[in-house]
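Novice: everything below, folded, please.
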Amino acid sequence: MLEAAMAKNRLNISLDQDLVEFAKLFAAENRTTVAEVITQYLLSLKRRAQGEDAVKILTHPAFHEAMEDVLARLRSGEAEWHSFDEVFRD
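Specialist: Down below sits the predicted model:
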């Protein structure tokens, strides 16, 4: 079941320069945005606070192996990127 997208709101935060640089580099290396990195971190905190256990999924051997494979392919440049239209066209 797909959830309706929630409206986005702006949040300004102040960080030490070294954290800003790290966040930008981490996001670029993982082909995402700083906003998405922060969103995922906050969602993880929220789930933990609400008692939802994501650890079961993250520690499952098959999931871990799949993630390691994807990360290796992304880092080596072997991953093939496609546009949205290429993937979802009729």
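
Novice: so A28: helix, strand or coil?
Specialist: helix (DSSP: H, G, I helix; E, B strand; the rest coil).

Novice: can you pull out the strands in this structure?
Specialist: Using DSSP state E, no strands are assigned anywhere in the chain.

Novice: report the contact partners of the residue nearest to K24 when sequence neighbours are not counted.
Specialist: In this structure, K24 finds its nearest non-sequential neighbour in V34, 6.1 Å apart by CB to CB, 6 or more residues apart in numbering. To be clear about C-beta, it is placed using only N, CA and C from the backbone, and glycine gets the same treatment. Listed by CB atoms under 8 Å, 6 or more residues apart in numbering, the contact partners of V34 are A23, K24, A27.

Novice: can you pull the contacts of the first one?
Specialist: In other words, A23. Contacts of A23 (CB under 8 Å, 6+ apart): L15, V34, V37, I38.

Novice: lowest-pLDDT helix or strand in this protein?
Specialist: helix 55-59 (a mean of 59; mean pLDDT, DSSP states H and E).

Novice: picking up where we left off before, in TSV, list the contacts of V34 along with pLDDT.
Specialist: Putting those into TSV (pLDDT from 0 to 100) gives the following:
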residue	pLDDT
A23	90
K24	91
A27	86
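
Novice: make JSON lines from those residues and add distance to R48 to it.
Specialist: Shown next, in JSON lines, are those (distance: CB to CB, whole Å):
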{"residue": "A23", "distance to R48": "21"}
{"residue": "K24", "distance to R48": "26"}
{"residue": "A27", "distance to R48": "22"}
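
Novice: list just the nearest of those to A7.
Specialist: A27 (22.5 Å; CB to CB).

Novice: next one: the residue lying closest to that closest one once chain neighbours are set aside from V70, what distance?
Specialist: If the residues on either side of it in the chain are set aside, A27 comes closest to V34, at 4.8 Å by CB to CB, 6+ apart. To V70, V34 is 21 Å away according to CB to CB, to the nearest Å.

Novice: repeat that for A49.
Specialist: 28 Å.

Novice: show me which of these two is the more surrounded one.
Specialist: Neighbours of A49 and V70, each counted by other CB atoms under 10 Å, are more numerous for V70; the result is 11 against 8.
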